[in-house]
Every structure is written in C-alpha cells, then in structure tokens.
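Chemist: give me the fold of what follows.
(chains A and B)
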2 protein chains.
Amino acid sequence: MKQGILYGVGIGPGDPELLTLKAVRVLREADVIAVPDKGSGRRLALEIVGEHAAGKPLLSCAAPMTRDAQVLSAAYDKNAEEVCALLEQGKNVAFITLGDPTVYSTYFYIHDRVRARGYEARVVPGVPSFCAAAARLGKPLCLGSRRLLVVPGSHGGVDDCLEADANLVFMKTGRSLEELRGRLREHSLKASAVVNCGMADEQVYPDLEELEGSDYFTLILVDRDGENKAEQ
Amino acid sequence: MKQGILYGVGIGPGDPELLTLKAVRVLREADVIAVPDKGSGRRLALEIVGEHAAGKPLLSCAAPMTRDAQVLSAAYDKNAEEVCALLEQGKNVAFITLGDPTVYSTYFYIHDRVRARGYEARVVPGVPSFCAAAARLGKPLCLGSRRLLVVPGSHGGVDDCLEADANLVFMKTGRSLEELRGRLREHSLKASAVVNCGMADEQVYPDLEELEGSDYFTLILVDRDGENKAEQ
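Modeler: Residues are numbered from 1 along each chain as shown, chains lettered A, B, ... in the order given. As a prediction, this is how the structure comes out:
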C-alpha cells in the first residue's frame, strides 16, 4: 500500500480568512487532522480551521507547556509514532499549526521525527503573526535597507536586541512584557503592540504605553525609522 | 458619495495557491486592481492573481528600478494621486504586492501618501517569501530561543549580519551573492538557497554551494543550529 504524507499546515495567526487556498485544499483532502493540544481544554487551531476540517477524524498531539527537554522529547516521540502509524495505513495527515510552520512552531519536532522514520513530510507556509500585526497597525515591518530582528519570548535578555541596528519584533512576550517595556523606555524607543492578533479579542495599541496587563500572545513591534519612514 | 478604500494586498511569493481567502475576496470585490510596473514589460503580480482579477480595470503604478530618491518620490506621488482620484469616485482599489505588504514592499510609500490625503487604506497580509522558501527546504527558519535576522539586498555589508547571534535570511541578494558566499565560507557557515520561490522556474538548493549564477529573487537562509536542531 502507498504510504501517506504528513503535511505541516500553517493556518495563519487567527483570522480564518487568512488561511491560504493551499491550506484549505490540503485540509479538505486530508484523511486525518492532527491538532496540537496544550492541555488547556481549548484547541485554538481547530477553531480557526472550522468547517475545512469538519467531520474529519482528529489526532490529538500532546504539546505540554514545559521546558523539560525529556518530557517534551517523549511527547514528540509519541506524536510521531501515532502519525507514522496513520501514514503506514496510507492516510494523509494534516498537522495544523498557528501562523507559519517554520517560525517557532513545534511542528518541526514532529516533521523531523517522521522523516527520520522514512516517511514523506511537506510544509504548507502560512501568514506569520508579525505580518498580520503590522498589517493591523497599518505600518511596515521593514523598508529599504533596514533589517528586521525577530525575537522569541524565550530569548534570554533584551539588551542586545535593543542595541541591534534593526527593526524589532518581540513574539509571545507574556510575563517578560514589563521588563521589556522598562528597557524600551530606557532606550527611548517607541513601540506598538497587538494582543491576540486576528482573534475575536484582538487589541491593537499603536503606542505600547497604552497597553495594560499582558497576555501570552502579545506581539511588540519597534520601528527605528519612526512615523515618517514611508514618506520618501 | 462614499469614498472608496485602498487595500494593500499581499499575494504571497509566487504560487497562486498561496493567496489567502481574504486576498481572493478583496480582489474579487475591488473595482480597480492597481499593479506595480517596474518597466520590464512583465507584471508578475498580475500573473499570480490570474483569474481573481480577470476583467477588472487596471491601474498601472510605475515603480522605477532606481535608488534616486527624487525620481522615486515623484513616481509614488503620481501613483497616490491616481489612486485617490479613484477613491474619490467611490471605487475600491486593490494594490497587489508580492509576498507580504509589510516586508520590504513599495506599497507603503503609496499607503502613507493616500492616508495623508485623508483617505482610508487597509493592509491584507500575505505569506512572505522567506516562509515559503523555508517550507520548500523543509527546514525551520527559527526554533526555541533562537532569533531570526532578515537582511534586505540593499543593506550595506554582511559582516555584522554574520556575527549576529541569530538565524539569517538574506533577501533579493542579486549581484551581492558572490560576496555573501565568500563571507559565509570565511565564517564556516552553511547556507541554503531558493531561487524564484513558488514560481514556475523555482530552484531549491539545500546547499548554497550547488547554486551557480545569481538572480534578483535569490533567498539565502543560514541556520546556526544545523541539521539536528529539531531532534530534541
């Protein structure tokens, strides 16, 4: 029997209209939808794809919220085994992932394991959250010769980011938001923020100073060229 | 009469299936499609959107291939005036742009001018070329706590990029490709390349050393964690 194929499908940051035509096709053609499950009881990715996955068998892939490498590795091994069992039956599996699969997604931990076991895995790119956040703010991420530095929430320290000659994106700042805000003030850098970009409870702050509290899905953008960059 | 709205629509890097559902809807609802025209005789963005723009009136927007700020500014002023004249007639205009509008797109030079004249402009995000290139290579752009630095072809010098503690994307390297390749060798950094990502003549090089010649749309990816990064 012909083996199935694993597809890592980027579904964009939250707005169901930001799925690509290719993502929709791959989801509709898939035999099984694999869904990351952080154990919160809510499977956000499944809500976003909605009707395109309706009626399909689901494979729940535990993605524990821990930094314990052994616990994570065991979870990814189990996910990969379950995916490969389906591929062996000739079934195509679409693993759905928020944003783009190549940008800080746990999908690649499954992708590489599945390939190492001799199966085919393909990636369907999606719109990353930082592009959608900049779109909502009506601002470019980067223009001309300016570089762009993307910083994940787990990167230690922010000083070497703030000193970089580049525009900045801080992703999933969560609990480190207050420290980051203090450092931005010290460096006299103006920043914008988007919380839960593309979701029902999205909040847009052209000026970070207006944001109160913090959320796991808070994106911070720093534009070194300020307001007039596009007025060439 | 109600004024029209300008939409900056990201159409992805080349594969027509990488348009989002939102891009398709906005194109189908638009009264006029604005198309960047570099004067090469080929309007790539129009080829990519294909049927979704079929039969619509087109507004050709000159985007001269020069770094002369005065020439560029005059061209953008003229584009903005022509767009605003349509908005004043109540027409919605969709300006199509390769990749994502917030990532090194000339769209924002029009966007800001149109807003400065008192009209509404909205951005529809798209899949950036670097996400599609990483997808084709089957590799993550960034994982875990690793940062990502995106470098445009017009950035002067590459040394401070190669020394950055981050994975790297070099966009539109064009004529600077040979210099970049030499520096990567000096730094013992392995790189991958994708030429004309998502287009009919796409070429994928997991090892940059196998690429001969160069092209304007050559994307170079450098992954500091090497082959085994996802094997946690």
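Chemist: please parse chain A into its domains.
Modeler: Here the domain parsing of chain A from automatic domain parsing is A:5-124, A:129-228.
Chemist: for chain A, longest helix please?
Modeler: helix A:69-88 (DSSP state H).
Chemist: and that one, how far out from the chain's middle?
Modeler: When distances are taken as Cα atoms, centre = their mean, to the nearest Å, helix A:69-88 is centred 20 Å away from the chain's centroid.
Chemist: list the helices and strands whichever helix or strand comes after that helix packs on?
Modeler: Proceeding N to C from helix A:69-88, the next assigned helix or strand is strand A:93-97, under DSSP states H and E. The contact analysis (3 or more Cβ pairs under 8 Å, 6 or more residues apart in numbering or on different chains; DSSP states H and E) places strand A:93-97 against strand A:5-10, helix A:21-29, strand A:32-37, helix A:44-49, helix A:69-88, helix A:107-116. Bear in mind the C-beta positions are built from the backbone N, C-alpha and C, glycine included.
Chemist: point out the most buried one among those.
Modeler: With neighbours taken as mean count of other Cβ atoms under 10 Å in any protein chain shown, the helices and strands packed on strand A:93-97 reach their highest mean count in strand A:5-10, at a mean of 27.
Chemist: which residues sit against it?
Modeler: The contact list for strand A:5-10, computed with Cβ atoms under 8 Å, 6 or more residues apart in numbering or on different chains, reads A:20, A:23, A:26-27, A:30, A:83, A:87, A:92-101, A:105, A:107-108, A:110-111, A:114, A:119-127, B:127, B:131, B:135.
Chemist: reformat the domains of chain A as a markdown table; add mean pLDDT.
Modeler: Listed next are these as a markdown table, based on pLDDT from 0 to 100:
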| stretch | mean pLDDT |
| --- | --- |
| domain A:5-124 | 95 |
| domain A:129-228 | 90 |
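Chemist: for those domains, give me TSV that also has distance to residue B:203.
Modeler: Below are these laid out as TSV (distance: least, Cβ to Cβ, whole Å):
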stretch	distance to residue B:203
domain A:5-124	18
domain A:129-228	25
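Chemist: tell me which of those sits nearest to residue B:49.
Modeler: Nearest of those to residue B:49, taken as Cβ to Cβ: domain A:5-124 at 11.5 Å.
Chemist: first to last residue in the closest one, what's the distance?
Modeler: End-to-end distance for domain A:5-124, by Cα to Cα, to the nearest Å: 12 Å.
Chemist: stretch A:206-214 now?
Modeler: The straight-line separation of the ends of stretch A:206-214 (Cα to Cα) is 16 Å.
Chemist: what residues sit buried inside that stretch?
Modeler: Neighbour-count burial for stretch A:206-214 flags A:208, A:211, A:214 (criterion: 16 or more other Cβ atoms under 10 Å in any protein chain shown).
Chemist: contacts only, for the first one.
Modeler: By that I understand residue A:208. Contact analysis of residue A:208 by Cβ under 8 Å, 6+ apart lists A:181, A:184, A:190, A:191, A:192, A:193, A:220.
Chemist: go again using 7 Å as the cut-off
Modeler: A:181, A:191, A:192, A:193, A:220 (Cβ atoms under 7 Å, 6 or more residues apart in numbering or on different chains).
Chemist: closest one of those residues to residue A:154?
Modeler: residue A:220 (14.8 Å).
Chemist: report whether the closest one is found in a helix, as I expect.
Modeler: No. Using DSSP: H, G, I helix; E, B strand; the rest coil, the assignment for residue A:220 is strand, not a helix.
Chemist: hang on, isn't it packed against residue A:180?
Modeler: Yes. Using Cβ atoms under 7 Å, residue A:220 is in contact with residue A:180, at 6.5 Å.
Chemist: between those two, which contacts overlap?
Modeler: The contact lists of residue A:220 and residue A:180 share A:170, A:173, where a contact means Cβ under 7 Å, 6+ apart.
Chemist: how far does stretch A:130-146 sit from its chain's centre?
Modeler: Distance, centroid of stretch A:130-146 to centroid of chain: 17 Å (Cα atoms, centre = their mean).
Chemist: now do the buried residues in that stretch.
Modeler: Neighbour-count burial for stretch A:130-146 [16+ other Cβ under 10 Å]: A:130-144, A:146.
Chemist: ok, and which of those reach chain B?
Modeler: Contacts with chain B within the buried residues of stretch A:130-146, counted by Cβ under 7 Å from any Cβ of the partner chain: A:131, A:132, A:134, A:135, A:138, A:140, A:141, A:142, A:143, A:144.
Chemist: now the two most distant members of those.
Modeler: So, these by Cβ to Cβ: farthest apart are A:132 and A:144, at 22.0 Å.
Chemist: what is the subsequent helix or strand relative to the helix or strand that contains residue A:183?
Modeler: According to DSSP H and E, residue A:183 maps onto helix A:177-186. Sequence order places strand A:191-195 as the next helix or strand after helix A:177-186, per DSSP H and E.
Chemist: what's in contact with that following strand?
Modeler: A:133, A:136-137, A:139, A:184, A:202-208, A:211, A:215, A:217-222.
Chemist: at 8 Å instead, please
Modeler: Under the criterion Cβ under 8 Å, 6+ apart, residues A:132-133, A:136-137, A:139, A:181, A:184, A:201-208, A:211, A:215, A:217-223 lie in contact with strand A:191-195.
Chemist: ok, stretch A:149-166 next?
Modeler: The contact list for stretch A:149-166, computed with Cβ under 8 Å, 6+ apart, reads A:67, A:103-104, A:130, A:146-148, A:167-174, A:176, A:179-180, A:183-184, A:187, A:189, A:222, A:224, B:142, B:144-150, B:160, B:164-166.
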